[in-house]
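Peer 1: Sequence and computational prediction follow.
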Amino acid sequence: MALIRCNKCAHLQEQPDEQIGATVACPRCVNPTQVYPTLFFVGRLLEKYFDAQREIIRLKTTPAENPTQTSGGALSPASPPAVDLSNTTHLVSAQQHEPIAEWFRRKQITIQIENQAVDTTGFFDEVAMSIGGNLPVLKDVLNRIRGAQQRGYSSTVIGFDGKSPEDVRAITSFCQQLYDFSFVAKSIPNRQKNNLLLALQPAAAIRHFFNGEWLEWFALMTCLEYSQERKKRCSCARKLGLTLSNEDRHELDVFMLIDGQLPIVIECKSGEFRQDIDKYLTVRKRLGLNGKNIVLCIAGLADEHAKGLTAMYDLTFVSERGLLPHLSSLF
């Protein structure tokens, strides 16, 4: 069996194995909660247990010092700040981005940081986590919204014929979330016709979100939440512009720097990606990174397909479900 442990109310409960990697509502407080494999969950608990044991031994055997200073008087690294990752402006600060800027300066690469691209005080991150946690069920909703937007329609209809009662409930709940957060103007169920009408929002930010930016938010939040859980320092950027020495320009969807040393590039694709593989190989070589650190997160990619592509290229291919397990293999 898989497990969930709610970060908000600490509720612990078993879940079916087929939900591993999904995000579900906590049965107690309805907070979005990640479903973990049992062995993964137990492994994290054991790591924390042994870390705590080592810390106790260290405190018993080390003379007391000022916790904010080293013996030479320099400030020691502080613990990662405890922030509500889904509702903070902490990430937009120059201080948060400075380790990334310094990392690229050492490589003599000019970057352009879009600070507001990691502002989580809106609802893009919450909706993205809902999508990434249940993409097989919600994919039809995304496709219909995106298709209607591209055709200039003001609404679209989500049909329920052939769908299980559980899937209908999940879709209805998701569409209500879209309405609550103003991603759609209306969400109207029609029981007689067994469908649901969505009146669309024409705002550019909403169009971009459904056109693929949701996956960038999902990748960003997945990495941030995992870093916070592991008590790792994490600097992050989204839509990071690069200007290389030959004046070639690239944009990295998500760039993470863990503890100031471990760089992770996550390129997100909700559509065609094959024509861009050579571009990502060029970026990997210029940044001097291992293929494990350049991650192509492809929405809905089958596990076997991901393994095959990873074996062919010096890059890592994962689906939205495979992103977290790959991160756990890196740090």
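Peer 2: Good, I have the coordinates.

Peer 1: Could you look up the next helix or strand downstream of the helix or strand of the chain with the lowest mean pLDDT?
Peer 2: One helix or strand of the chain scores below all others by mean pLDDT, DSSP states H and E: helix 38-61, with a mean of 56. With elements assigned by DSSP states H and E, the helix or strand that comes after helix 38-61 is helix 94-106.

Peer 1: now for that next one, which elements pack on it?
Peer 2: strand 110-112, strand 234-243, strand 249-258 (3 or more CB pairs under 8 Å, 6 or more residues apart in numbering; DSSP states H and E). Using the backbone N, CA and C atoms, a C-beta is placed for each residue, glycine as well.

Peer 1: Show residues contacting the next helix or strand after the shortest one.
Peer 2: Per DSSP H and E, the first helix or strand lying C-terminal to strand 110-112 is helix 124-133. Residues from elsewhere that reach helix 124-133, judged by CB atoms under 8 Å, 6 or more residues apart in numbering: 21-24, 32, 34, 85-86, 138, 142, 174, 177-178, 181, 183, 205, 209, 213-218, 220-222, 320.

Peer 1: which element follows helix 124-133 toward the C-terminus?
Peer 2: helix 135-150.

Peer 1: got the residue ranges for the strands in the stretch 151-300 of the chain?
Peer 2: Applying DSSP state E, counting those that start in this stretch to the stretch 151-300 of the chain gives strands spanning 155-159, 184-190, 195-200, 234-243, 249-258, 262-269, 294-298.

Peer 1: Strand partners (parallel or antiparallel) of the first one?
Peer 2: Using DSSP bridges, the strands paired with strand 155-159 in its sheet are strand 195-200 (antiparallel).

Peer 1: returning to that earlier point: so which of the contacts of helix 124-133 sit within helices?
Peer 2: Within the contacts of helix 124-133, residues falling in helices by DSSP state H are 138, 142, 174, 177-178, 205, 214-218, 220-222.

Peer 1: can I get those residues in JSON lines with neighbour count and distance to residue 129?
Peer 2: Listed next are those as JSON lines, based on neighbours: other CB atoms under 10 Å; distance: CB to CB, whole Å:
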{"residue": "138", "neighbour count": "19", "distance to residue 129": "12"}
{"residue": "142", "neighbour count": "19", "distance to residue 129": "14"}
{"residue": "174", "neighbour count": "20", "distance to residue 129": "11"}
{"residue": "177", "neighbour count": "18", "distance to residue 129": "11"}
{"residue": "178", "neighbour count": "23", "distance to residue 129": "13"}
{"residue": "205", "neighbour count": "11", "distance to residue 129": "17"}
{"residue": "214", "neighbour count": "26", "distance to residue 129": "9"}
{"residue": "215", "neighbour count": "25", "distance to residue 129": "11"}
{"residue": "216", "neighbour count": "23", "distance to residue 129": "12"}
{"residue": "217", "neighbour count": "26", "distance to residue 129": "8"}
{"residue": "218", "neighbour count": "29", "distance to residue 129": "6"}
{"residue": "220", "neighbour count": "27", "distance to residue 129": "10"}
{"residue": "221", "neighbour count": "22", "distance to residue 129": "6"}
{"residue": "222", "neighbour count": "23", "distance to residue 129": "8"}
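
Peer 1: do you know which of the helices and strands packed on helix 94-106 lies nearest residue 270?
Peer 2: strand 249-258 (10.9 Å; CB to CB).

Peer 1: for the record, mean pLDDT for that closest one?
Peer 2: The pLDDT scores in strand 249-258 average 96.

Peer 1: ditto for stretch 193-212
Peer 2: On average, stretch 193-212 scores 97.

Peer 1: Now do the end-to-end distance for that stretch.
Peer 2: Start and end residues of stretch 193-212 are separated by 30 Å (CA to CA, to the nearest Å).

Peer 1: roughly how far is that stretch from the heart of the chain?
Peer 2: 21 Å (CA atoms, centre = their mean, to the nearest Å).

Peer 1: got the contact list for that stretch?
Peer 2: So stretch 193-212 is contacted by 124, 127-128, 142, 144-146, 148-149, 153-161, 171-172, 175, 178, 182-190, 217, 268-271 (CB under 8 Å, 6+ apart).

Peer 1: Quick check: beta-bridge partners of residue 262?
Peer 2: residue 258.

Peer 1: how many neighbours does it have?
Peer 2: Other residues near residue 262 come to 13 when the count uses other CB atoms under 10 Å.

Peer 1: How about residue 102?
Peer 2: 12.

Peer 1: repeat for residue 189
Peer 2: 15.

Peer 1: That one contacts residue 172, correct?
Peer 2: Yes: counting by CB atoms under 8 Å, residue 189 does reach residue 172; the two are 6.4 Å apart.

Peer 1: which one of the helices and strands packed on helix 94-106 lies closest to residue 330?
Peer 2: strand 249-258 (7.9 Å).

Peer 1: From residue 106, how far out is the most centrally placed residue in the chain?
Peer 2: Centroid-nearest residue in the chain: residue 219, 2.4 Å away (criterion: CA atoms, centre = their mean). Per CB to CB, to the nearest Å, residue 219 is found 25 Å from residue 106.

Peer 1: try residue 222
Peer 2: For residue 222 relative to residue 106 (CB to CB), the value is 27 Å.
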